[in-house]
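> 3D model of this:
(2 chains)
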Amino acid sequence: MKNTESYKEVLEIISPYLPEDIDPKSVTLNSHLIDELNINSAHLVDIVLDLEDRYDIQLEDDDMQQMQTVGDALSIIAAKKEK
Amino acid sequence: MENAFDHIIAQLPYSSPFLFVDGLTGLTSEYVEGYYQFRPESDFYRGHFKDAPVTPGVILTECCAQIGLVCLGLHLIENHIHAAKGVIAMTESQMEFLKPVYPGEKVRVRGEKIYFRFNKLKAKVRLYTADGTLACKGQIAGILNSTEG
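Numbers count the residues shown, from 1 in each chain, chains lettered A, B, ... in the order given. As a prediction, this is how the structure comes out:
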């Protein structure tokens, strides 16, 4: 899952929710969604729902809490898809 | 008149001059319907507009949010065992205003749940004037912050 293609896909989902002063090109696997990318909690919910739709998975409260960075999102998606 | 939904109104965190709910006529986990009559003496009519009072769009949005989002949210929280009490903060609104609403008009608001996930409620809202004309519509979302105890 942690290949370039998936990273690009997740970045595409996150990008519309980035504040205007955040350059999507500056986003890395280690970027913290709330602290560094300044994504608010309301938009984080939208991102999670978009990820569910894109990957046909169901995410729970725990997944949401663990999803701190872009890399976390990729790991959680990979784990869900394996089930 | 005693109403089955009075306990929801009682939980609203607003009061005059910023309460825009008179009553509810329907409430399930999927939708809410309520009404409000705009008071001609409301202060904002003195300036919006000069000599031509019309209910401001932000006030129509607030009316839609109080009925369509907050009342629905309070009901959804009520059915949630872990959240004893909560506050809903509006996070997004996208509204279209189709028809002016004048002082004294009674409006009906319908809010329909789009989703309630991870403490975020998003609802489709519609506001109708007494003759049944759609005056404004849109989508409003808010985040529930539960305050335990």
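> Low-confidence regions, the chain specifically.
Answering for chain A, as no chain was given. Within chain A, the stretches with pLDDT under 70 are A:1-5.
> hm, I was asking about chain B
In chain B (pLDDT under 70), the answer is B:1-2, B:80-86, B:146-149.
> interface residues of it facing chain A?
Contact residues, chain B versus chain A (Cβ under 8 Å from any Cβ of the partner chain): B:T91, B:E92, B:Y115, B:R117, B:F118, B:N119, B:K120, B:A141, B:G142, B:I143. Just so you know, the C-beta spots here come from the backbone N, C-alpha and C atoms, and that holds for glycine as well.
> Now chain B against chain A: closest residue?
Nearest residue of chain B to chain A: B:T91, at 3.7 Å (Cβ to the nearest Cβ).
> quick one, phi psi at the residue lying farthest from the centre of chain B?
In chain B, the residue that sits farthest from the middle, by Cα atoms, centre = their mean, is B:D51; the gap is 27.4 Å. Dihedral pair for B:D51: phi 60, psi 10, per degrees, to the nearest 10.
> Same check on B:T25?
phi -120, psi -10.
> burial of it, as a residue count?
As a burial measure, B:T25 scores 13 neighbours (other Cβ atoms under 10 Å in any protein chain shown).
> For it, give me its contacts.
Each residue near B:T25 by Cβ atoms under 8 Å, 6 or more residues apart in numbering or on different chains is listed here: B:E33, B:G34, B:Y35, B:R108.
> Among those residues, which one has the most neighbours?
B:G34 (26 neighbours).
> So what sits opposite that one in the bridge?
Beta bridges link B:G34 to B:L24, B:V109, judged by DSSP bridges.
> how about the strands of chain A, start to end?
Under the criterion DSSP state E, chain A contains no strands.
> Over to chain B?
Under DSSP E, chain B gives strands at B:23-27, B:31-37, B:86-97, B:106-117, B:120-128, B:134-146.
> can you list those strands in CSV and add distance to A:I39?
Formatted as CSV, those follow (distance: least, Cβ to Cβ, whole Å):
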stretch, distance to A:I39
strand B:23-27, 32
strand B:31-37, 29
strand B:86-97, 12
strand B:106-117, 16
strand B:120-128, 13
strand B:134-146, 13
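> Tell me which of those strands sits most buried.
For those, the largest average neighbour count (mean count of other Cβ atoms under 10 Å in any protein chain shown) is found in strand B:120-128, namely a mean of 22.
> And the contacts of that strand?
With Cβ under 8 Å, 6+ apart as the criterion, strand B:120-128 contacts A:41-42, A:45-46, B:60, B:63-65, B:67-69, B:72-73, B:76, B:88, B:91-92, B:101, B:107-116, B:134-144.
> and if we set it to 6 Å?
Contact with strand B:120-128 is made by A:42, A:45, B:60, B:64, B:68-69, B:73, B:107-115, B:134-143, as judged by Cβ atoms under 6 Å, 6 or more residues apart in numbering or on different chains.
> Now do that strand against strand B:31-37: the angle between them, please.
Inter-element angle recorded for strand B:120-128 and strand B:31-37: 50 degrees (by axes from the mean of the first three to the mean of the last three Cα atoms, to 10 degrees).
> now strand B:120-128: how far from the chain's centre is it?
In this view, strand B:120-128 has its centroid 8 Å away from the chain centroid, taken as Cα atoms, centre = their mean, to the nearest Å.
> Strand partners (parallel or antiparallel) of it?
strand B:106-117 (antiparallel), strand B:134-146 (antiparallel).
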